[in-house]
Each structure stands twice: as structure tokens, then as C-alpha cells.
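Visitor: fold the following, please.
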Amino acid sequence: MKKESINRRNQGQSHKISKTTLGAAVAMIMVGTSQAVFSQSSNTQTKAMGQVEVKAKYDEESNRYNRNYSNIGKITQEISDIPQAITVIPEGLLEDQNATTLKEGLRNVPGLTFNAGEGGRIGDNMNIRGFYSFGDLYVDGIRDTAQYNRDLFNVTQVDVLRGAASMLFGRGQAGGVINEVSKTPFLMNKSNVAVTAGSYDYYRGTADMNTVLDAETSTAFRLNAVAQDAKSSRDVVQNKTLGFAPTISYGIGTNNQISLSYYYLNTDNIPDYGVGIVRGGKPINSATLFSGTNQDYEKNTTQLTTLSQLYTFDKDTSLNTKIRYSAYDRSLWSNKGALAFPVTALGLAVPRGGEESTTAFQSDFNKKFLTGSMGHEFLAGVELYKENAERYNYDTTGCSADVIRNNVIVRDACKYGYGNQVRNPATQVNYQGNTAALYAQDMVEVIPEWKVLGGIRYDSLRANYQAPGSATTFGPSRQANLNFGEQSYRAGLLHQPNLNAAYYLTWSDSFNPTADLYQLSAGTGYPAERSAVTELGAKWNVTDDGLAVRAALYQAVKRWERNTDVTSSSSIDSVKRHTNGAEIELTGNITDKWDIFSGAALMSSIIDEQGYSGTTRQNANLVGMRARNAPPWTYNIWTTYKVAQNWKVGGGVFGVGQRQVYGLTTTPGAITANQVPAYARVDAMLQYDIKEYSLKLNVMNLFNTTNYESVYVNGGFAIPGTLRSYQVQAVVRF
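Guide: Numbering: from 1, shown residues only. The predicted structure is shown next:
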């Protein structure tokens with residue numbers, strides 16, 4: 001049953017989640033089990049969930065590239081028990097590649113490409129299977145959709161569940177879900193410090209320190225930290241990062257695990273909007289030229305505070321509860337990619353800022369049981385989200401007359417100075433949203449070797465938009481309310497004839513209301529985005545050493561696709577479009593010395609029915625066109641080999657097919673798409689290990705190939721990837 005009602009008014013009250021109710025829920029779950037803490041003896045044995053975690057940790061140490069377990073499905077599961085395509089990017093692979101950002105890590109996911117932001121987005125911005133997925137970012141299963149560039153200093157693995165996943169996660173896309181898994185304390189005194197230096201004044205230092213505070217109560221503390229000051233092969237571009245993440249955990253491996261963590265990340269960048277694309281042609285052929293000034297900036301501060309409890313009642317029953325408060329601040333002042341160099345006039349990309357906060361409560365109950373001869377793996381849960389956002393543009397009065405030379409401002413004509421943070425009141429929009437969700441899922445082994453999966457979820461979203469002052473975003477009322485309810489489903493058939501093979505057929509859907517990511521289309525009255533994905537797949541363990549093959553065929557269909565760029569005139573990018581595709585991955589140990597992590601994707605992403613700009617239909621010639629930033633193929637191969645006792649060599653290639661980008665218009669006539677050429681980038685590494693020390697050399701873009709790592713979907717510019725660069729890292733473990 002779907003419900004949607006939109007109304008406008010001059011005065012109104014936002015719907016709020018009661019803090020008293022939220023606090024009571026936490027108290028009931030967290031405090032209600034506290035007696036179990038004090039009743040534990042020092043020899044408390046690990047329960048079933050702990051045993052799974054211990055086994056997963058063993059697999060991690062014995063097989064660096066192939067993870068057999070993931071908790072992206074809200075419980076710790078073997079990959080073969082998840083009837084959906086999933087890529088798990090392990091910490092060992094990230095370390096070998098010296099991948100330090102989420103964007104760098106996601107190059108290992110077939111079928112994934114990157115968007116360049118302009119009017120509406122900054123920070124991490126990607127497509128999966130041809131569909132935008134920046135709203136499907138999570139940290140330890142909790143939504144993290146704020147706009148910032150994510151660092152991997154506190155990440156032990158990245159899980160990418162491909163396909164629709166609203167039954168598990170609520171509002172989202174057809175492409176998939178990206179979940180960062182944070183580093184957590186463990187019962188061993190073990191630490192390391194790493195220092196990296198490289199080409200283009202690249203400097204980075206990280207620390208990972210774990211200490212056991214009390215062995216009797218299984219209490220440990222872990223601190224991860226990062227500091228970075230790095231330039232790049234792109235002129236002027238610079239990244240400064242400072243972050244730290246302390247976590248304390250009590251009852252590790254027991255039936256009552258409680259953790260408290262804090263995450264802080266501050267980035268201060270000179271951002272890069274790349275180079276312009278000639279209409280109907282290719283990007284300007286320059287790997288270095290920069291279109292902005294040395295006073296451009298992108299500043300982000302992210303803070304996450306999380307309290308969690310995993311309580312195991314018995315080997316078949318557990319309750320996992322989390323509460324998190326997130327706070328985000330950001331500001332941007334930058335220029336778009338240009339067509340002519342040297343740049344002498346500004347082309348500002350809407351200087352803007354924002355302040356956001358989210359309070360999230362999530363509790364998942366898991367139970368395994370029998371009804372007659374049938375086995376059940378039951379999941380039920382509740383989620384509550386309270387989201388607040390304040391977004392605005394900075395005042396650019398007079399800035400169009402500014403003159404720059406050699407990326408330096410020669411004449412500052414801005415009324416409040418170039419780079420000011422004076423808000424333009426006519427652009428400010430406030431958003432408050434409350435979401436409540438209930439969901440349940442059961443996987444039933446109906447007969448030996450055959451399992452049936454079914455799940456259902458209901459989300460209720462109440463949101464309020466306010467455009468104060470003289471803003472006309474919502475017309476004269478300057479306010480819009482949204483009351484939205486939506487159901488999501490998941491169904492699958494899983495056949496496991498033996499321990500080394502699994503075959504599945506699955507169907508899942510997703511929804512995305514007008515309030516998703518605070519886009520300003522609440523008053524249009526269009527229905528929510530709906531997506532449906534059908535997938536046929538197989539997962540095989542090829543060797544006892546841990547080599548695995550995973551393959552999938554799928555069709556994803558999306559309806560009423562929302563515009564995600566607030567500077568575009570489009571309201572609905574397409575009424576219907578689809579992607580048909582095939583994916584395959586080979587990961588793990590070929591031998592005890594030879595590791596591989598590889599994948600490839602073929603996809604055909606096509607517009608079936610054009611969308612709307614406002615209430616006017618777009619150009620009918622859009623029908624049949626390939627979707628924007630959706631290449632026909634991508635592939636990734638990375639492999640390492642231990643050539644001697646202390647030496648390891650490795651390398652790989654990341655390939656992306658040709659991408660098309662173009663604007664959406666109501667003007668009739670032929671549409672000429674801009675073309676971003678295909679590329680293959682080769683990286684390499686050499687590492688020497690001795691006792692507690694390691695020395696590693698990474699070479700990025702070994703053959704100095706021209707490549708464009710991200711593109712603006714409306715066709716204006718593309719961002720070149722790095723030229724050949726070298727990084728040397730020294731690690732000390734103690």
C-alpha cells in the first residue's frame with residue numbers, strides 16, 4: 001500500500017521523533033541486558049556469533065583477498081548465503097594498492113563509475129550498474145549520505161551489495177549499497193605506524209594502535225589516526241586531511257559486546273573540476289591544466305558518535321542495536337572545468353555551504369529455529385532516523401568581473417571578497433525529515449540444499465522543506481510538506497548442492513521519494529522512484545586455498561528517475577530506463593604465494609521513456625540513448641606474488657569503456673552526446689618485509705596513460721586521473 005500526500009502552506013510544524021521515546025528505546029535494550037554483564041564469569045565462552053567472527057578473522061588472516069563473510073545483510077553471513085551479487089574489498093587489497101580514499105578502493109568494483117559534481121553535489125559521487133548511488137553510502141550499516149570525501153584510515157573492508165536493497169536499507173537506488181566496515185578493538189596488543197611520501201609533494205601518515213585494557217572483561221581500546229598533506233599531477237589541486245577514530249569495546253567475543261566510538265575527519269582541499277568537453281567531442285587533452293584559482297576551497301568536517309550493543313541470547317539468537325549521532329559541515333568555492341587555457345575569467349560552480357545532522361537508531365533481531373523439518377534464519381528490525389539540513393549558496397555579487405592569471409586572482413571584484421562565506425538568503429533551504437521503518441525477512445530451507453528467501457519492509461517518511469526570505473523554490477508559500485509511506489520487498493531462491501557451490505535467482509526492489517538527499521522537487525507531485533532488479537547468479541569456491549568465482553546476470557528497471565543536480569532544469573531525468581548486464585569476479589589465492597582480485601562487467605543501460613523538465617516533456621530523441629556515465633564495459637585486475645621470503649611484487653589494470661554525457665532538454669531535434677574515451681590504467685607495486693618492518697613502492701599509472709576518472713553527467717567537463725606517480729611507504733609494527 002503506497003501513500004503520498006503533498007501540501008503547501010505558509011505556516012506549519014515539522015514532524016519530529018520524540019527524544020523521550022528514542023531514549024526509552026535505547027534504555028530498554030541497552031540497560032535491560034546489563035545484568036548479564038555483571039553475571040559473566042572470567043571464562044565466559046564465545047557464543048555462536050562470536051565464533052562466526054573468530055572464523056571470519058581467521059579467514060581474513062589466511063586469505064587476504066577473498067572474504068567469505070559479510071554483515072551487509074544485517075547479520076554475519078557467509079557470502080554464499082547471500083543471494084545477491086556482492087563485492088567485498090578487503091583491507092589487504094587496499095594496503096597493497098595504497099588506496100587511501102573510498103573512491104580509490106571502489107575502482108575494484110566492476111560496473112562502477114564516478115560522477116563529477118557541479119550544481120548539486122560535492123564529495124563521493126558514483127554510479128553502480130549505470131544508476132547513481134551516492135545516496136546509498138553506509139558506515140557499519142547506518143546511512144551516511146552527507147557530501148564529503150571519505151578516507152579509509154579507519155576502514156577494515158568495503159562491502160558493495162549490488163542491486164536494489166530497500167528491504168534491508170530503506171530508500172535507495174537500483175545500483176547497490178556501499179558499506180564501510182570500521183576497524184574495531186580486538187584482544188591483542190598490536191599497533192603499527194605508516195609514513196608515505198611520493199611524487200607531487202605527497203605526504204601521509206597513519207597510526208593504528210590497539211591495546212587490551214582488561215583481559216577479564218574482554219575490554220580493549222583502538223585508535224586510528226591520519227594526517228595528510230598532498231598535491232597531485234593536476235596543477236594547484238591539493239588535499240589536506242586530519243582524522244582520528246577512538247573506539248572502546250567491552251565484552252569482546254562474549255554474549256554481551258558493547259562499543260562506544262567516535263569518528264572525526266576534516267578535509268581542506270583545493271578541489272578539481274577538471275577540463276571542459278567540446279560539444280559533441282572529447283575532453284580538452286590536458287592532464288595538468290587547472291581551471292580555478294589557488295583560493296578555491298572545499299572544506300568538510302565529519303563527526304560520528306556511535307554506541308552499539310551485540311547481545312547473544314544463545315547460539316541461535318541475537319540482538320544488535322546501534323544509536324548514532326552524525327554532524328556534517330561543508331563549504332565549497334570553486335570553478336568548473338574550462339574549454340580554453342590559460343583561464344582568465346571565472347566560471348564558478350555555485351559556491352555553497354551546508355550544515356547537517358542525523359540521529360539514527362537501529363535494532364536487528366536474528367533467530368535460527370526449526371518448524372518441523374524446515375530450518376529458518378529469521379531477521380526482524382526497526383530503524384528511526386531524524387535528519388536536519390540547512391543548505392545555502394554564498395553571495396557572488398560582482399564576482400563575474402574578476403580576472404585571474406596563472407590561477408591567481410589579479411582583480412577581486414566580489415562584493416564581499418573572493419571566497420566569502422556570506423549566505424545569500426534567497427537560496428537558503430532548510431530540511432527536516434523523520435523516518436520510521438519496520439522490516440522482517442526469513443530464509444527457509446524447505447528441503448535439503450534448497451532455500452527460499454522472503455522479506456518485506458515499510459518506511460514512513462515525514463519531511464518538511466522551508467525556503468525563507470524571498471526564495472521562490474516552492475512558490476509563494478515558501479514551504480512544502482511530504483508525508484510518504486512505501487513498502488519494499490525481497491525474494492529469492494537459493495540452491496546449495498555442496499559446500500563449494502551456490503546458485504540463486506533473486507528479485508528485489510527499491511524506492512526513492514522526492515525527499516531523498518533533500519532534493520527540491522517536493523512540490524511537483526511526482527510519485528517516488530521505483531526500481532526492480534532480477535538477478536541470476538552463481539558462487540563457487542574453486543580451490544581449497546580460497547580461490548572463488550562469482551558471476552551474475554541481471555536486469556534492473558527504474559521508473560520516475562529523480563534529478564540530482566539542483567542547477568539542472570530537469571525534474572524527472574527519465575520516466576523509465578533499464579540496465580541489462582553481466583558480471584564476473586575471480587578473487588583469492590591461486591597458490592599460497594599468488595593472490596588475485598579481479599572482475600569485469602558488461603552492461604547496456606538505455607533510456608526507455610524520457611522525463612520531464614518541470615511539467616514539460618523532454619526531447620523524445622532521448623529514448624533509446626545510452627544512459628549517461630554508463631560505459632558498456634569495465635574491468636579490474638590486481639595480482640601479487642611472493643617471489644622470495646621477504647619480497648612481493650604486484651600490479652594491475654583498471655579499464656573503463658567509453659562514456660557518454662549530455663544535457664536533458666525539452667528542445668526538439670537530434671541530440672549529440674559528448675564522448676569520454678575509454679582507457680586502461682596500469683599500476684604496480686614492490687614490497688619488502690622483514691620482521692616488524694615493511695617498505696613498499698607503489699607506481700600509479702605506470703605507462704602515463706591519459707584517463708578521465710570522473711565526468712559531469714550533463715556533459716560540461718571531465719576530471720583527468722593522475723599522471724605517472726610514485727609513492728614509498730614505510731611501516732613499523734609493534
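
Visitor: and the helix or strand hosting D229, what's buried?
Guide: Using DSSP states H and E, D229 maps to strand 219-231. Residues of strand 219-231 classed as buried by neighbour count (16 or more other Cβ atoms under 10 Å): T219, A220, R222, L223, N224, A225, V226, Q228, A230, K231. The way it works is simple: take the backbone N, C-alpha and C, and place the C-beta from them, glycine included.

Visitor: and for stretch 624-636?
Guide: Residues M625, R626, A627, R628, N629, A630, P631, W633, T634, Y635, N636 are the ones in stretch 624-636 that count as buried (16+ other Cβ under 10 Å).

Visitor: nearest to T145 among those?
Guide: N629 (19.2 Å; Cβ to Cβ).

Visitor: picking up where we left off before, can I get the buried residues of strand 219-231 in CSV including pLDDT and distance to A338?
Guide: Output for the buried residues of strand 219-231, formatted as CSV (pLDDT from 0 to 100; distance: Cβ to Cβ, whole Å):
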residue, pLDDT, distance to A338
T219, 97, 56
A220, 98, 52
R222, 98, 45
L223, 98, 43
N224, 98, 39
A225, 98, 38
V226, 98, 33
Q228, 98, 28
A230, 96, 24
K231, 94, 20
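
Visitor: identify the farthest-apart pair in these.
Guide: Within those, two members stand farthest from each other by Cβ to Cβ: T219 and K231, at 42.0 Å.

Visitor: identify the bridge partners of T534.
Guide: With DSSP bridges as the criterion, T534 is bridged to W507, Q555.

Visitor: quick one, what contacts E561?
Guide: Contacts for E561 (Cβ atoms under 8 Å, 6 or more residues apart in numbering) come out as E529, I572, D573, S574, V575, R577, G611.

Visitor: list phi and psi for it.
Guide: The phi and psi values for E561, taken as degrees, to the nearest 10, are phi -70, psi 120.

Visitor: how about TSV for the buried residues of strand 219-231, with distance to N210 added?
Guide: Output for the buried residues of strand 219-231, formatted as TSV (distance: Cβ to Cβ, whole Å):
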residue	distance to N210
T219	12
A220	6
R222	4
L223	8
N224	9
A225	13
V226	16
Q228	22
A230	27
K231	32
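
Visitor: from those residues, which is closest to Y250?
Guide: For the buried residues of strand 219-231, the nearest to Y250 is T219 (4.9 Å; Cβ to Cβ).

Visitor: thought that closest one was touching Y250?
Guide: Yes. Using Cβ atoms under 8 Å, T219 is in contact with Y250, at 4.9 Å.

Visitor: how far away is the residue positioned nearest the centre of the chain from H376?
Guide: Of all residues in the chain, the one closest to the mean position by Cα atoms, centre = their mean is L137, 3.4 Å from it. As defined by Cβ to Cβ, to the nearest Å, L137 lies at a distance of 31 Å from H376.

Visitor: and if you look at F244?
Guide: Applying Cβ to Cβ, the value for F244 to H376 is 43 Å.

Visitor: residues in contact with M700?
Guide: R681, D683, T722, R724, S725, Y726, Q727.

Visitor: would you turn those into JSON lines with distance to D595, pLDDT and secondary structure?
Guide: Formatted as JSON lines, the contacts of M700 follow (distance: Cβ to Cβ, whole Å; pLDDT from 0 to 100; DSSP: H, G, I helix; E, B strand; the rest coil):
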{"residue": "R681", "distance to D595": "20", "pLDDT": "97", "secondary structure": "strand"}
{"residue": "D683", "distance to D595": "15", "pLDDT": "98", "secondary structure": "strand"}
{"residue": "T722", "distance to D595": "24", "pLDDT": "94", "secondary structure": "coil"}
{"residue": "R724", "distance to D595": "25", "pLDDT": "96", "secondary structure": "coil"}
{"residue": "S725", "distance to D595": "24", "pLDDT": "97", "secondary structure": "strand"}
{"residue": "Y726", "distance to D595": "23", "pLDDT": "98", "secondary structure": "strand"}
{"residue": "Q727", "distance to D595": "20", "pLDDT": "98", "secondary structure": "strand"}
